[in-house]
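Trainee: just coords:
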């Protein structure tokens, strides 16, 4: 351990030395560095530090100034302008009496100063109920929509906010253009009463006539079929003008994947007598994107279950055989170095082959203009590696898996819905036959019961309805908004297959901006799986089960539950646990023969390592997950986060166990790349907060292996935010 610490210190010293040599800066002669800027009296308004030009000198790794970053130099004229900026910023937020009284400069020495800006906020003016004049008298829906937009954007009895005032004007106009008033114009004025600290916003509307679409022209298509593009846009001459419909049409066209940009411009004009023309032609300008693309890459996975080296080869065509169809194929061959993994640093004894092959064909305007149909077959081959402490002398089981999904999806404004039928066939395969050793360490024939003989092919057939309601401001980096989703599946019955069950899992995510660069994000999910023809062996597992005495029903129950049940733990779940680390465990030697080699271990002992070797995750029938985190944007590509995750999986149906918290907290870093933010999170399992009033292994659970340093934590690496 001492050598590891010394090596780490040497590495840090080397890095800092290189930084010092390559990026040192000096304070200009006769000038002073701004070490700190404090704003006193900033209570009701936040974000002033980002609005002023006088800023403290940035620090390298939060400790050293002048390394990599230049010093911020004090300028009294800039500071004077900053005082005016502070007052203007307050006025925009309703504090018309705010005063920046002074900008004090404290000299630490000849080259370092601290600046203090004193603010008197005063009393804000409050927004009173706004007035909209000129709304169409014969259209009560338009009047109702305009007033709803005003109330939603500019709340009453709150400090007046100029940004929201401008936004309210745009929202009122949008409420009219969505009702057919293409020529609508809105003027605004605000009467401010400083004596009573009140402001009454007034909006004057000139709606113009109800308009309809005129001729629709499309420019820039090149060789792309115009008829298919028009069908997707679903805009028709003579239909009532609707600005929201134009936005949806633009998104649908971009969703085809064949355009880099789509611009829909209404051509507003006037008649011969100077009146607004109710016929509005549409000019649509598109820029085609590259229709064919190759994807070549690779990666390495190194976690608590495996070490995987894989490549990725893909190809896609966005006008496959015409008709704007999209066809894609992705092949991911891999080599698994067995049994090397994070908590088992050893030389590999075997190389296990794995692969994923996915094809997808998407047909736009399927059945109707805005519906997309799809076919998506997959073929996968993988070893079933569930044991955190692998024994290379034991057999390794895997599966050859065929999946196929057929369905259609559609966007309804903020609502996305997809209905599909899914078929999944999993055929067990033998990777390694196993090579036991005797007391002298010599390889001997495996004379025990072959666990492979008890396995059978699993066939799953089920329709699935997925729905998503998305009110986030950004899908990649959400800063505010709400996201709701649900998955509903029904397997078996008239659809056939090995399993018959009903599965539902709703989810909610909330994003709250605490600052321009700080986001509070939270996710909650619950799921229920109701099996009709399997699950008894999983709900009441036998402790003495082995490959020789397992019944056919027991084997089938555990096999089906593995493919249909819930698991928790990993990069997008409970980050203090490894993948599938949370939930019920049991001895399942026919799936993981490592568990059959536990004769030398006492599975009832308090030794976590012995218990972890005896049992493996089985999946469960009830899940709940709750996560919350604070995200801090440091620079444009770099951000950090602190988080806490809690979750539980029960082997019973409708069994939400709130005392099984499995609480883990930690921190992580994200870095933006063209394929999305690369994320690394380190989660620590909080002592005493795993199972309240009991032990983690008190109900068929297993204590996960510790990190190589012996700490109860897990490292989760992924692409994209956790949620």
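Mentor: Nice, I can see it. No experiment lies behind these values; they were computed from the predicted model shown.

Trainee: all helices of this protein, in order?
Mentor: 2-23, 76-91, 140-153, 162-177, 226-233, 243-255, 536-539, 552-564, 608-614 (DSSP state H).

Trainee: nearest to residue 479, out of those?
Mentor: Nearest to residue 479, of all those, is helix 162-177, at 15.2 Å by C-beta to C-beta. Where C-beta positions appear, they are placed from N, C-alpha and C, glycine not excepted.

Trainee: now that closest one against helix 76-91, angle please.
Mentor: Helix 162-177 runs at 50 degrees relative to helix 76-91, counting by axes from the mean of the first three to the mean of the last three C-alpha atoms, to 10 degrees.

Trainee: helices or strands next to helix 162-177 in the packing?
Mentor: helix 140-153, strand 185-193, strand 198-206, helix 243-255 (3 or more C-beta pairs under 8 Å, 6 or more residues apart in numbering; DSSP states H and E).

Trainee: give me that answer again for 7 Å
Mentor: Counting contacts by 3 or more C-beta pairs under 7 Å, 6 or more residues apart in numbering; DSSP states H and E, helix 162-177 is packed against helix 140-153, strand 185-193, strand 198-206.

Trainee: what's in contact with the last one?
Mentor: This points to strand 198-206. Applying C-beta atoms under 7 Å, 6 or more residues apart in numbering, the set of residues contacting strand 198-206 from outside is 125-128, 130-135, 154, 160, 165, 169, 172, 176, 184-193.

Trainee: mind giving me the ChimeraX command for buried ones among the residues you listed?
Mentor: Remark: buried members of these, expressed as a ChimeraX selection using 16 or more other C-beta atoms under 10 Å:
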select :125,126,127,128,130,132,135,154,160,165,169,172,176,184,186
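
Trainee: turn the helices and strands packed on helix 162-177 into TSV, including distance to residue 635 and mean pLDDT.
Mentor: Output for the helices and strands packed on helix 162-177, formatted as TSV (distance: least, C-beta to C-beta, whole Å; pLDDT from 0 to 100):
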stretch	distance to residue 635	mean pLDDT
helix 140-153	32	92
strand 185-193	37	91
strand 198-206	38	94
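
Trainee: my guess is residue 584 contacts residue 620. True?
Mentor: Yes - look at residue 584 against residue 620 with C-beta atoms under 7 Å: they come within range, at 5.1 Å.

Trainee: mutual contacts of these two, please.
Mentor: Contacts common to residue 584 and residue 620, judged by C-beta under 7 Å, 6+ apart, are 649, 651.

Trainee: pretty sure residue 33 is touching residue 56, no?
Mentor: No - contact criterion C-beta under 7 Å: residue 33 and residue 56 do not qualify, at 8.6 Å.

Trainee: more crowded one of the two?
Mentor: Using other C-beta atoms under 10 Å, the more surrounded residue of residue 33 and residue 56 is residue 33, with 21 against 17.

Trainee: distance of the residue lying closest to residue 132 once chain neighbours are set aside relative to residue 44?
Mentor: Counting by C-beta to C-beta, 6 or more residues apart in numbering, the nearest residue to residue 132 once its immediate chain neighbours are dropped is residue 203, at 4.9 Å. Here residue 203 is placed at a distance of 26 Å from residue 44 (C-beta to C-beta, to the nearest Å).

Trainee: ditto for residue 522
Mentor: For residue 522, the distance to residue 44 - C-beta to C-beta - is 26 Å.

Trainee: neighbours of residue 645, just the number please.
Mentor: 29.

Trainee: and it, what pLDDT?
Mentor: We have a pLDDT of 96 for residue 645.

Trainee: and it, how far is that from residue 718?
Mentor: 14 Å.

Trainee: where does the prediction get shaky in the stretch 301-450 of the chain?
Mentor: In the predicted model, the stretch 301-450 of the chain carries pLDDT under 70 at residues 388-389, 434-450.

Trainee: where along it do the strands fall?
Mentor: Taking DSSP state E, counting those that start in this stretch, the strands of the stretch 301-450 of the chain run over residues 307-317, 326-338, 350-363, 371-383, 396-412, 415-432.

Trainee: what residues of the first one count as buried?
Mentor: This points to strand 307-317. 307, 308, 310, 316.

Trainee: cool, the last one as well?
Mentor: Buried residues in strand 415-432, counted by 16+ other C-beta under 10 Å: 418, 420, 422, 423, 424, 425, 426, 428, 429, 431, 432.

Trainee: pairing partners for the fifth one in the sheet, please.
Mentor: Okay, so that is residue 424. residue 403, residue 460 (DSSP bridges).

Trainee: that one contacts residue 405, correct?
Mentor: No - with contact defined as C-beta under 7 Å, residue 424 and residue 405 do not form a contacting pair (9.3 Å).

Trainee: residue 411 pairs with what?
Mentor: residue 416.

Trainee: for it, grab the count of nearby residues.
Mentor: The number of residues near residue 411, taken as other C-beta under 10 Å, comes to 18.

Trainee: got the buried residues of strand 307-317 as CSV, with distance to residue 82 columns?
Mentor: Shown next, in CSV, are those (distance: C-beta to C-beta, whole Å):
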residue, distance to residue 82
307, 55
308, 54
310, 54
316, 52
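
Trainee: just those residues now: which is nearest residue 245?
Mentor: For the buried residues of strand 307-317, the nearest to residue 245 is residue 316 (29.4 Å; C-beta to C-beta).

Trainee: verify the stated contact: the closest one with residue 294.
Mentor: No - with contact defined as C-beta under 7 Å, residue 316 does not reach residue 294; the gap is 8.4 Å.
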